[in-house]
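**Q** Below are the sequence and a predicted model for it; my questions follow.
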Amino acid sequence: MIAALYVLAQAMPLDPGRHSILHPGAPQGSHIEWLYWVIFWIVFAVYVLMILGFTRAGAKSRTDAIYPLPVFEDKEGDERAKWAVGTAVAVTVVTLFVVLVLSVVTGKKAAGLTSKNPVTIQIIGHQWWWEVVYPNPQADQTVTTANEIHVPVNTPVVILTNSADVIHSFWAPSITGKRDLLPGYSSAFWFKIEQPGTYRGQCAEFCGLQHAHMGFSVIAQSVEDFQAWQQQQLKPAVEPSNDETSRGRAVFLTHACLMCHTIRGTDAGSRFGPDLTHIASRNMIAAETLPNTRGAVAGWILDPQRIKPGTEMSPNSLAPDDLQALLAYLQTLQ
Amino acid sequence: MATTEPVIAKEKDTHDSDLASRLARTWHQPRGVWGWLSNTHHTAVGIRFMVTAFIFLALGGVLAAIMRLQLMKPENSLLGPDLYNQIFTMHGSTMIFLFAVPMMFQGFGVYVVPLMCGARNIAFPRLNLFSYYLYVGGALVLWGGLLTNTGPDVGWFAYVPLAGPQYDPGHRADIWSQMITFTEVSALGVAVCLATTILRYRAPGMTLNRMPILLWEKLTLSFMVIFAMPAVMVASGLLLLDRLVGTHFYNPAEGGDVLLYQHLFWFFGHPEVYIIFLPGAAIVSTLVSCFSRRRIFGHTPIVVSVVATGFIGFGVWVHHMFATGLPQLSESFFTAASLMIVIPTGVQFFCWLATIWHGRVQMRLPMLWAFGFFFVFLIGGLSGVMLASVPVDTQVHDTYFIVAHFHYVLIGGALFPMFAGLYFWFPKMTGRMPDETLGKWHFWLFFIGFNLTFFTMHFLGLHGMTRRVYTYLPDMHWQYLNTIATTGVAFMTAGILVFLANIFRSKRLGERAGNNPWGDSGLEWGTSSPPPSYNFLLPPTVNGRDALWDAAPDQAVVVGLRDDIREILVTHSLDSNPQHKDEDPGPSIWPFLASVAVSVTFVGSIFTPWAVPYGAPLVIITLIGWLWPHGHSPAPLPQRATWSR
């Protein structure tokens, strides 16, 4: 039955898109996947042997008597069993030792930083989104964004973790193992992505009401594209170019939006929610929950509590014209 | 021995109906509601522990079924996140604190251990009754919380700062922490009772060397409980102080430490897993020997393994924290320790296999469940080997792979042996045999349903589904596997219903069992089914490891215990030679009243710290009543009970 389940599971149309331990896209994830399969086949063999043993033992020793049979002694059998059990224990110890060595060696391979000049990214967990900072000694060269982490391919990326509130855990299954974001602690780990592409990830440590919708994506791009993206992100927000977008900016600055969000180049400078200076350059909003389309953004602005009950963003009642102007403005923020 | 101590009698002298009626009078158990509140006899309290724990298994199962319905399709609107978080927290807390430990440790321990020791009652019976009512108090608080929309919503582990005052205002986490304290005090009380019973109430001749595996396991477990529970009480106690009186133990903004909580919690949390698994393993050891019609192969290695598990179990807690980012050296250390615990478990499996291999297996109902345990628990144990490896663990940690793993371990390691044990001791408890056909239906429905639900979860975890999510996006393609997992619940539910039908039917209509229907070797099978209120007309003595199998035709029994007061023979903890006689305090309402006083104090302290000074006098009054010397005339010069060949 277990074999049948296994076949069934393999036949499932599972997400081919980079959210799986078994489809790694980075050497770290590949090392771990290799280790996973090695240990899997070891324990699979052990399981099969043990189950064959119990089935064989049960079948060969079985009697159909209902009433308790007399108890018997089997000195000779005990003597043989001593050897069998002793051997089995010895094999177990050796196997465990092999697993230990493989595990430690793979752990070193996956965790050791092998090249210099990494890109450093600071990830700060919030209920329920990810603040992404590319720190730079010069403050005006620091990029701040949210939920979408752009990285260059074939370049080591060092992730520094921290949390603004509760414990979160940063996990992109196709890249490498997860790391908790602990308030009061900072830790670092690294990875390197070789194939350009988008890798999904999400919070893995229970963090409250919207733990389920706390996704992020890692977008690996060529070094040139990455640098272009970075330059683009460093710019202040696009100035409104027509009446509607001007009105949209005014709506943003006169409603609750500016209480939580930043749009650099305007008066909105709060760090409580995601930085929206370049919101139009992102694929998704609300921590990878909704596509960044006009309709989805409108729904999110009007009633975020319906989409993500418990989210920190409050509902907004905007006049239809104001809403359209605001959407138009946000769509210009490339 | 002095001539004033002629205390050996042979079997033939013991058929004394006068003695039986005198003992029945002396060991009278109150009945009805009063009996519910005051009866301190271990068989009654033990069965009550089991029935109560089973009710919570059913309630926890209902919560699980609701969660499975919610997860059956993406973005399902059956439950919102608030209710879902309460439900998954309550499911975990109920299953661990209100079902698994009370059933496997307290229930089986309290019922079986004194009988297996050949004692007339458990040691400290009032403490035992107090523990039961404290457990009921904690359970009522927790479920009362859920029913008033104040159910804890921070996970059964209640990590800070999410469970701290800042992120979980209201009383939800308070209720959780108080409930922890309740049930842990209950487990501690029973641990003291069981350790004392095992060390001092064993039948003469049952030296440590001859002690059955189940008693060894209960002894190990009692010490594990005594060492592990204080850690979680400190963890939840500090959390409560943070929440109720504004301390900052876990507040990083004030120099507190969020990892401190995790260390304290898992220092309890991992031994807890063995506190749940070892009773199952001990039941399996008992059954394998009984239904293979031979002595267990490797008694000594199994006992050493059980004790070793007890020690190593305290050295692996950090493997719950591999994702927090530890130095490599500690990662390797805890990987090695976690792998090491496979060895004693492996030894037990090999010994069971050897016993069956060279035995004559009778596939009675309990043995069928033991075989279910082999098939199921091994999957959990072996996926545990994968998790001991830090790199693999950082990937699958907090995913459905882990959910699958520990359900294989806990359902495999506790629920399968529990059903085996319930069917096995059912004749002893009720005097009637369980129905084998219904039992087989129960087994197959549950076995199939369990594997459908939980085996699929491995794949969900590998494909990135994290735990504790109330829903997921359609793009994740998890719905098919989730639907399979939900389907399994229907089978498991049907299995449980068949079990209940079997129990209710067999209790009234089952075949009469007799003293020892399975032909087992434990002393509990040496008395009638169900046992009388004094357990044994004349307490037995023991010649070997398998007490009844090794008994001589004219096996000695203990005489010299008074029949006008509740006397129990106390023996030496190592060689179990008679030392003196102890008096059982008999039924009392005070333990119940004391547990009510303690519960009121604890629950009140959720709302105001003044509940402690106001409640303390109540507790003191009930304790005075409890300890008040009772009035009967002092015993005549104590006659030393003894035993010799």
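**A** Yes, it's here.

**Q** Could you see whether chain A lies near stretch B:367-377?
**A** Yes. Using C-beta under 8 Å from any C-beta of the partner chain, stretch B:367-377 reaches chain A at B:Phe371, B:Phe374, B:Phe375. Bear in mind the C-beta positions are built from the backbone N, C-alpha and C, glycine included.

**Q** Need the contact partners of that stretch.
**A** The contact list for stretch B:367-377 (C-beta atoms under 8 Å, 6 or more residues apart in numbering or on different chains) reads A:50-51, A:54, A:58, B:280, B:283-284, B:287-288, B:291, B:349, B:352, B:361, B:363, B:408-409, B:411-413, B:416-417, B:419-420, B:423, B:439-440, B:443, B:447, B:450-451.

**Q** let's go with 7 Å and repeat that
**A** Residues outside stretch B:367-377 that contact it (C-beta atoms under 7 Å, 6 or more residues apart in numbering or on different chains): A:51, A:54, A:58, B:280, B:284, B:287-288, B:291, B:361, B:408-409, B:411-413, B:416-417, B:419-420, B:423, B:440, B:443, B:447, B:450.

**Q** ok, now stretch A:130-149?
**A** So stretch A:130-149 is contacted by A:120-124, A:129, A:216-219, A:230, A:233-234, A:274-275, A:278, A:282-284, A:287-288 (C-beta under 7 Å, 6+ apart).

**Q** Any of those residues buried? List them.
**A** Neighbour counting by 16 or more other C-beta atoms under 10 Å in any protein chain shown classes A:121-124, A:129, A:216-219, A:230, A:233-234, A:274-275, A:278, A:282, A:284, A:287-288 among these as buried.

**Q** Let me see the contact set for A:Val119.
**A** A:Val151, A:Pro152, A:Thr155, A:Val157.

**Q** ok so, going back, when you check chain B, which of the buried ones among the contacts of stretch A:130-149 turn up near it?
**A** Contacts with chain B are made by none of the buried ones among the contacts of stretch A:130-149, judged by C-beta under 7 Å from any C-beta of the partner chain.

**Q** Which members of these are positioned in helices?
**A** A:Gln230, A:Gln233, A:Leu234 (DSSP state H).

**Q** What pLDDT does the model give the closest residue in space to the second one that isn't next to it in sequence?
**A** What sits nearest to A:Gln233 in space, not counting adjacent residues and going by C-beta to C-beta, 6 or more residues apart in numbering or on different chains, is A:Val143, at 4.5 Å. Predicted confidence (pLDDT) at A:Val143: the value is 93.

**Q** about what we covered before: so which of the contacts of A:Val119 is the most crowded?
**A** A:Val151 (23 neighbours; other C-beta atoms under 10 Å in any protein chain shown).

**Q** and it, what element?
**A** Secondary structure from DSSP states H and E places A:Val151 in strand A:148-152.

**Q** Quick check: next helix or strand after that strand?
**A** According to DSSP H and E, the helix or strand after strand A:148-152 is strand A:157-163.

**Q** Would you mark the buried spots in that next one?
**A** A:Val157, A:Ile159, A:Leu160, A:Thr161, A:Asn162, A:Ser163.

**Q** Neighbouring strands - and their directions - for that strand?
**A** strand A:119-126 (parallel), strand A:187-191 (antiparallel) (DSSP bridges).

**Q** what's that strand in contact with?
**A** With contact meaning C-beta under 7 Å, 6+ apart, strand A:157-163 is reached by A:118-125, A:151, A:170, A:179, A:181-183, A:186-192.

**Q** tell me what the following helix or strand past it is packed against?
**A** Sequence order places strand A:168-171 as the next helix or strand after strand A:157-163, per DSSP H and E. Strand A:168-171 sits against strand A:179-181, strand A:197-203, with contacts defined as 3 or more C-beta pairs under 7 Å, 6 or more residues apart in numbering or on different chains; DSSP states H and E.
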